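Chemist: Structure, please.
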Amino acid sequence: MLPAAALLAVAACTSCRHKKHNSGDEIPAIEVAHPLTDSVVLRKTYPGYLTANREVELVARVDGYLLSHPYKAGDRVRKGETLFTIEERNYRDAVDRAEASLQTARASLDYNTERYEAMKRALSSDAVSEMEVAQARSAMEQAWADVENASAALRTARTELSYCTVRAPFDGRISSGNYDTGAYLSGSSQPVTLAKIFDDATMVINFSIDDASYLSLLRENAAKLGVDLRDIPLEFSDSLPGQYNCDLSYMSPEIDKSTGTLRMQGLTDNPDGDLRSGMYTEIHLPYAIEPHALLILDAAIGSDQLGKYVYTVDETDKITYTPVKTGEVLDDTLRIITSGLSPDDRYVTRALMKVRDGMKVNPSLPSGK
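Modeler: Coordinates of the predicted model:
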């Protein structure tokens, strides 16, 4: 058995080794970086929503049973394509009756025209009176009017027959139908909405701005800001496969009297059909250039009840909780810092959950920094 003094010495040495080991664990290696300084275009962000370039309600204007609608909701359809067919028997019968009436009226016109010409020849030999000639002329003119009325009735009957087939007025995407096959439609007294078709090859972006002078500023400074008004980027909350841009080369503002804002519209192409009416978007419009903007990684910024903050490392390599004010995001990764940091500060770039205010760290800058 070791003497008591020897045991105490061993324990003391073991304690020293543990303290040294723990001391090393308490100083973790942390990656830091200096803020970047660069010239950037500052932008204002406006919320907006999309509508199709054209939206048309497809309606039934005749009475009858719905026989078919050969499409599925959301399908793209071509101009002239049949979308709905409605029972047409009564309307085809009406066309047949109108055609028969027109034939009768034309036959009557032919007869009364020949009779009038004969009456005029007979008048020259005093075989008939002038009164009889006038009556013949009146009968011919009446027959002519009957032909016109019958022709108009036939056109109406044919038009109503055409209403039994509802076709696409343009290329577009169609909504779900409001009625199933077999439903009875009473469209003659008041049109019945069957579905909606959207011309979404080009989408309209609708948004409002609150500063009337901004329009002239944007037009005047677009070239100076290096901005193409035909190519303003759009941002969507949903992840979309492509990048979409807004064409603002023609801006026709309208004042909203209830809010005093200017309602704006722009256009964007929708070649793949991913954009739909009602989708929300953000329009980032430029307004100035900041020649010495301070930029840090957006992922390095935390948020709490007091606002935005970053962790910086002071000259003694201790973590400091540093409140900051932020601007917009650039290139999806960098955030403009408007106050709270200087170019010489070192900020923690990652692992924010592993550090705390006052903590001693071993900071390391990226290679070459």
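
Chemist: can you give me the strands in the stretch 251-369 of the chain?
Modeler: 254-255, 262-269, 280-297, 302-304, 307-313, 319-323, 325-330, 334-339, 347-348, 362-364 (DSSP state E, counting those that start in this stretch).

Chemist: Take those and write them to CSV, including mean pLDDT and distance to residue 61.
Modeler: Quick note: C-beta positions are derived from backbone N, CA and C, even for glycine. As requested, the strands of the stretch 251-369 of the chain are arranged in CSV below (pLDDT from 0 to 100; distance: least, CB to CB, whole Å):
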stretch, mean pLDDT, distance to residue 61
strand 254-255, 70, 33
strand 262-269, 86, 32
strand 280-297, 87, 35
strand 302-304, 90, 58
strand 307-313, 94, 60
strand 319-323, 94, 66
strand 325-330, 86, 52
strand 334-339, 92, 57
strand 347-348, 94, 68
strand 362-364, 90, 76
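
Chemist: right, so those: which one is the most enclosed?
Modeler: Comparing the strands of the stretch 251-369 of the chain by mean neighbour count (mean count of other CB atoms under 10 Å), strand 347-348 comes out on top with a mean of 23.

Chemist: Return the list of helices and strands in contact with that strand.
Modeler: strand 29-33, strand 307-313 (3 or more CB pairs under 8 Å, 6 or more residues apart in numbering; DSSP states H and E).

Chemist: quick one: contacts for residue 27?
Modeler: Counting by CB atoms under 8 Å, 6 or more residues apart in numbering, residue 27 makes contact with 360-362.

Chemist: repeat that with 10 Å
Modeler: 317, 359-362 (CB atoms under 10 Å, 6 or more residues apart in numbering).

Chemist: Need the three-state assignment for it.
Modeler: coil (DSSP: H, G, I helix; E, B strand; the rest coil).

Chemist: So it versus residue 362, what's the distance?
Modeler: 5 Å (CB to CB, to the nearest Å).

Chemist: C-terminal to the helix or strand harbouring residue 147, what's the next element?
Modeler: In this structure, residue 147 sits in helix 130-162 according to DSSP states H and E. Read in the C-terminal direction, the helix or strand following helix 130-162 is strand 165-167, with elements assigned using DSSP H and E.

Chemist: For that next one, buried residues please.
Modeler: Residues of strand 165-167 classed as buried by neighbour count (16 or more other CB atoms under 10 Å): residue 166.

Chemist: Stretch 62-72 too?
Modeler: The neighbour-count criterion (16+ other CB under 10 Å) identifies 62-64, 66, 69, 71 as the buried residues of stretch 62-72.

Chemist: Considering those, which is situated nearest to residue 182?
Modeler: Proximity to residue 182 was ranked across the buried residues of stretch 62-72 by CB to CB; first place goes to residue 66, at 6.6 Å.

Chemist: quick one: which helix or strand includes the closest one?
Modeler: Take DSSP H and E as the rule and residue 66 turns out to sit in strand 63-68.

Chemist: Likewise for residue 104?
Modeler: Take DSSP H and E as the rule and residue 104 turns out to sit in helix 89-124.

Chemist: Buried residues in that helix, which are they?
Modeler: 91, 94-95, 98, 101-102, 105-106, 108-109, 112-113, 115-116, 119.

Chemist: residue ranges with poor pLDDT in the stretch 101-250 of the chain?
Modeler: Per-residue confidence of the stretch 101-250 of the chain (counting by pLDDT under 70) places the weak regions at 211-227, 249-250.

Chemist: could you redo the last one with a cut-off of 80?
Modeler: 210-230, 237-239, 248-250 (pLDDT under 80).

Chemist: Widest-spaced pair of the buried residues of stretch 62-72?
Modeler: 63 and 71 (22.8 Å).

Chemist: still on that earlier bit, check which residues of the helix holding residue 147 are buried.
Modeler: Residues of helix 130-162 classed as buried under the neighbour-count rule (16+ other CB under 10 Å) are 133, 136-137, 139-140, 143-144, 146-147, 150, 153-154, 157, 160-161.

Chemist: Out of those residues, which is nearest to residue 194?
Modeler: Using CB to CB as the measure, the one of the buried residues of helix 130-162 that approaches residue 194 most closely is residue 160, at 16.6 Å.

Chemist: That closest one is in contact with residue 61, isn't it?
Modeler: Yes: in this structure, residue 160 is within contact of residue 61 by CB atoms under 10 Å, at 7.7 Å.

Chemist: Common neighbours of these two, please.
Modeler: Shared contacts of residue 160 and residue 61 (CB under 10 Å, 6+ apart): residue 188.
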